[in-house]
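In: Turn this into a model:
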Amino acid sequence: MTEITFTVLGQPVGKGRPRSTRTGIHYTPAKTRAAEESFLAQALPYKPDAPLRGPLRIEITAIYSVPSSWSKKRRVAAEDGIERPTVKPDMDNVVKLILDSLNGVFYLDDKQVVELEVYKFYGPMPCTNVTLLTLSPD
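Out: Next up is the predicted model:
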């Protein structure tokens, strides 16, 4: 079993919807492309020698910054995990951006992901913690 764990700094970002031109050409918005490239750039030092094969389990913890406008009591509750983020981006869009960013580099294809565990929390430093585990023996 192989395990790779890393942290990407910055506020979690969700994947934007694909756009289309009037002529019917589909493209990924520049903001989404930039977010995917930034995520991958921070993850690359943890890249395996060869893309992982077989079924994978991925664990993602998205940590959002606590709004500065909140009272001290509410900020403490948020950082203690009592108050959880119900803010955008939607978790499924965050997952999609992460899986697409790592696709072809950390694993052959995101269809290999058979288990996914995802959490949203507030914390003192916004970041995304990712763990990839192979579910078959090496």
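In: buried ones in stretch 46-56?
Out: 52, 56 (16 or more other C-beta atoms under 10 Å). (Each C-beta comes from the backbone N, C-alpha and C, glycine too.)
In: List of residues touching stretch 69-82?
Out: By C-beta atoms under 8 Å, 6 or more residues apart in numbering, the residues outside stretch 69-82 that reach it are 66, 83-84, 121-124.
In: Check which residues of it are buried.
Out: 75, 77-78.
In: Dump it to CSV, keeping only the CA atoms.
Out: Below are the C-alpha coordinates for stretch 69-82, written out as CSV (Å, rounded to 0.1, in the frame of the first residue of the first chain):
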residue,chain,number,x,y,z
SER,A,69,-16.0,40.1,10.8
TRP,A,70,-17.0,37.3,13.2
SER,A,71,-17.0,37.8,17.0
LYS,A,72,-14.2,36.3,19.1
LYS,A,73,-16.6,33.7,20.5
ARG,A,74,-17.7,32.7,17.1
ARG,A,75,-14.2,32.6,15.7
VAL,A,76,-13.1,30.3,18.6
ALA,A,77,-16.1,28.0,17.9
ALA,A,78,-15.1,27.9,14.2
GLU,A,79,-11.5,27.1,14.9
ASP,A,80,-12.5,24.4,17.5
GLY,A,81,-14.6,22.7,14.8
ILE,A,82,-17.9,23.5,16.5
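In: How far away from the center of its chain is it?
Out: 23 Å (C-alpha atoms, centre = their mean, to the nearest Å).
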